[in-house]
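[1] Need the 3D shape of this:
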Amino acid sequence: MGYREEAIECVKNHVLPLHKQIYVKYNGDLDKIYSEGYNSNSYQGRVIEPGKVYELSYSECSCPKVKCGLRGNPEQCECSRQSILYILSQLEPGSQFDVRIENTILRGGDCCTFRIIRRASVNRLTNTIALIVIDIQNDITKHYRDIIDNLNAAIDWAVNEGMHVVYIKHNNITAGSRTFKPGTRGEDLVPELKVVSDNIFVKTKSNALTSEAFSKFIAENGITEFYIAGADATACVKSTCFNMRKAGYTVHVFSDCVTSYDLKKIQEMLAYYEKQGCKLITIKRR
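    This next block holds a predicted model:
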C-alpha cells in the first residue's frame, strides 16, 4: 500500500469528519479556519498569506504507526502530507492545493509543520505546462546533493507560476536487481526534495513517457510544454528529452538542475539536448 492509500485509510473515518465540522463552522473561510479553527494544544494553524498560503503545525507526531513503534523513518512523514492533501480534496473538490513538508519531529524538528498553498486559478496556457523532476530517489547518484537547492528552487518557481509539478520515480523490476527495487527505501524520493503535489508516477524504462499513468496525466491535462530536471543526465533525462521532442512537445532543460553518475559527461549531454531541440535554461536566472 502506497502512502496515498495508507493516508486515506488512516483519516477517512475519524479525522476527516472533524475537519469537515470545522470547515462548516467557519463557512469554508480558510483564513478563519487556519487562524481560529485550527487552534488546540496539539495543533496550530497559521495564515501566511491570506487566501493563499497557510501553515499547520503539530506539537507531536500524529501518525499512529509511529506512536506505536511500527515506523520511525522520516520518509513516513509523506503519509501525513498525503493525508492533508486528501482532506483538502474532500473539503474543496473544486480547488487545487500543494502541501509541502517544512519540518517534522522524525527529521529532528521540535514539531511537524506543513505549508499549504492554494493554487491560483491559472490560465489555460500556463496550465498546459509542467515541471518534471526525474528519478531523484535514494538509490540515485549522491551527486543529487549538489543540485538539490536548485531543484527545490525550480519547484517553488513552478508552483508560483501555476504549473503542474510532476515527480517521476524509477522502479527496477529486473530479476536480481539491487537498486530502485519496488517497495524499498531506495525507490523513495530523497527526503531533501520538496514534494508539493501527489503527481508521482512510476516508470520501469528510461523514457518517462513509457509510464502509462504519466502519459494519461499528460493527455487529461492537455500538457504540451515541459521543464525537465533530475537524473541521470546520460540515461533517463536523456531518453525522456529525446522522446518528448520526438513526440512534438516543447522541452526546456534546467542545466543547473540535472546531474549524473559521470559528471564529466554533463556538458556533452547539454549539447545533446540542444541538438534535439531542447532549450537550455537555468533556475538562477528565472
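[2] tally of neighbours for residue 220?
    8 (other Cβ atoms under 10 Å). C-beta coordinates here come from the backbone N, C-alpha and C atoms, glycine included.
[3] Which helix or which strand is home to it?
    Residue 220 belongs to helix 212-221 when assigned by DSSP states H and E.
[4] quick check: mean pLDDT across that helix?
    Helix 212-221 shows a mean pLDDT of 94.
[5] now stretch 277-285
    Taken as a whole, stretch 277-285 has an average pLDDT of 88.
[6] Show me what that stretch is in contact with.
    For stretch 277-285, the external contacting residues (Cβ atoms under 8 Å, 6 or more residues apart in numbering) are 150, 153-154, 157, 227-228, 241, 245, 250-257, 270, 273-274.
[7] Now a PyMOL select for only the buried ones of the residues you listed.
    Selection of the buried residues among those in PyMOL, burial being defined by 16 or more other Cβ atoms under 10 Å:
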select buried, resi 150+153+154+157+227+228+241+245+251+252+253+254+255+256+257+270+273
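[8] Give me the distance from the helix or strand where residue 20 lies to the chain's centre.
    Assessed by DSSP H and E, residue 20 sits inside helix 15-25. Distance, stretch centre to chain centre, for helix 15-25: 26 Å (Cα atoms, centre = their mean, to the nearest Å).
[9] do the same with stretch 164-184
    Its chain's C-alpha centre and that of stretch 164-184 lie 16 Å apart, by Cα atoms, centre = their mean.
[10] how long is it end to end?
    27 Å (Cα to Cα, to the nearest Å).
[11] And residue 230, how far from residue 208?
    To residue 208, residue 230 is 9 Å away according to Cβ to Cβ, to the nearest Å.
[12] circling back to that earlier point, out of the contacts of stretch 277-285, name the ones that lie in strands.
    Residues of those located in strands (DSSP state E): 227, 228, 250, 251, 252, 253, 254, 255, 256, 257.
[13] need the contact list for the closest residue to the third one other than its chain neighbours.
    Right, residue 250. Nearest residue to residue 250 in three dimensions, chain neighbours excluded: residue 225, at 4.2 Å (Cβ to Cβ, 6 or more residues apart in numbering). By Cβ under 8 Å, 6+ apart, residue 225 lies in contact with 128, 129, 130, 249, 250, 251, 252.
[14] Same check on residue 196?
    Residue 196 neighbours (Cβ under 8 Å, 6+ apart): 98, 99, 100, 117, 155, 159, 165.
[15] and if we set it to 10 Å?
    81, 85, 97-101, 115, 117, 119, 131, 152, 155-156, 158-159, 165, 167 (Cβ atoms under 10 Å, 6 or more residues apart in numbering).
[16] With residue 227 instead?
    With Cβ under 10 Å, 6+ apart, residue 227 has these contacts: 129-133, 154, 157-158, 161, 163, 165-166, 250-254, 257, 279, 281, 283, 286.
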